[in-house]
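Visitor: Show me the folded form of this:
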Amino acid sequence: MALQDVLGQLNEFDVNDIDWTRMGVWPVAGKIVLCVILIAALVAGGYYFFIKDLNVQLQTVTAKEETLRNTFKQKAFQAANLDAYREQMKEMEKSFGALVAQLPSDTEVPGLLEDIDERGSESGLTIKSITLQKEKKAAFYVELPISINVTGPYHDFGTFVSGVAGMPRIVTLHDYNIKKSSSSGMLDMTILAKTYRYKSEGSK
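Guide: Model (predicted):
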């Protein structure tokens, strides 16, 4: 059959004229249409069942590759700056050691109380009481609260606070309260000083 005849049958083809019970005697045009439909169905089914899954796998692998590339860049940067990190770690260890050295040990606490008393006397204040309160333990340090009660002129309080804050050991000041003394006519100040002790490994 000539190609021109096949094209003519395709133009005249009407799906309503097909006898589905006698496929063997279909015209060439009907068989061609059926083959085209079957091929399209096979291609669509192949894409859905195989190629689509491969695309999903490809996207997953591509995302993983990007993650690995970023991780590699980060590790490469760290490796290139390893010496700088080591120097920075040494500086941090020195700074940490210097801070720990400013924290009093158990045996130095009485000396610290004497130093506070001395700062009060140098400031012209009368020390009414310096009371060491109960320790408060944290994860890496122990807090040592010290309640201080002094009497004197207002400006001497500032000298005293500056002297305590400038001590070699770390001492922080909190919760101050100033009121007029009922007995001497001067001012009374109560203030909470806090110092800290490093909690070494194995200590409770």
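Visitor: Could you tell me which ranges of the chain sit under the pLDDT cut-off?
Guide: Along the chain, the parts satisfying pLDDT under 70 run over 1-31, 33-34, 49, 96-107, 184, 200-204.
Visitor: Which parts of it are strands?
Guide: 126-132, 136-137, 141-152, 171-180, 187-198 (DSSP state E).
Visitor: Determine the angle, from 0 to 180 degrees, between the first one and strand 187-198.
Guide: Relative orientation of strand 126-132 with respect to strand 187-198: 30 degrees, computed using axes from the mean of the first three to the mean of the last three CA atoms, to 10 degrees.
Visitor: by contact count, what packs against strand 126-132?
Guide: Using 3 or more CB pairs under 8 Å, 6 or more residues apart in numbering; DSSP states H and E, the elements in contact with strand 126-132 are helix 109-122, strand 141-152. Yep, even glycine has a C-beta here, placed from its N, CA and C like the rest.
Visitor: Pull up the pairing partners for it, direction included.
Guide: strand 141-152 (antiparallel) (DSSP bridges).
Visitor: what angle sits between the partner strand and helix 109-122?
Guide: Using the same axes, to 10 degrees: strand 141-152 against helix 109-122 is 30 degrees.
Visitor: ok, and for strand 141-152, which residues are buried?
Guide: For strand 141-152, burial by neighbour count (16 or more other CB atoms under 10 Å) applies to Val142, Leu144, Pro145, Ile146, Ile148, Val150, Thr151, Gly152.
Visitor: for the second one, what are its contacts?
Guide: In this case it means Leu144. Contact partners of Leu144, counting by CB atoms under 8 Å, 6 or more residues apart in numbering, are Pro104, Val109, Leu132, Gln133, Glu135, Lys194, Thr195, Tyr196, Arg197.
Visitor: most surrounded residue in these?
Guide: Most neighbours among those, by other CB atoms under 10 Å: Thr195, with 23 neighbours.
Visitor: Bridging across strands, which residues link to that residue?
Guide: For Thr195, the beta-bridge partners are Leu144, Val171 (DSSP bridges).
Visitor: I'd like the distance between it and Ser121.
Guide: 19 Å (CB to CB, to the nearest Å).
Visitor: got it, and Arg69?
Guide: 68 Å.
Visitor: One more: Lys180?
Guide: 22 Å.
Visitor: What of Pro168?
Guide: 18 Å.
Visitor: Next: Leu58.
Guide: Separation of Leu58 from Ser121 (CB to CB) stands at 81 Å.
Visitor: Please apply the same query to Tyr48.
Guide: Counting by CB to CB, the gap from Tyr48 to Ser121 is 92 Å.
Visitor: With Phe77 instead?
Guide: 57 Å.
Visitor: what's the nearest residue to Tyr176 if we skip its chain neighbours?
Guide: Distance criterion CB to CB, 6 or more residues apart in numbering; nearest residue to Tyr176, sequence neighbours excluded, is Ile191 at 4.2 Å.
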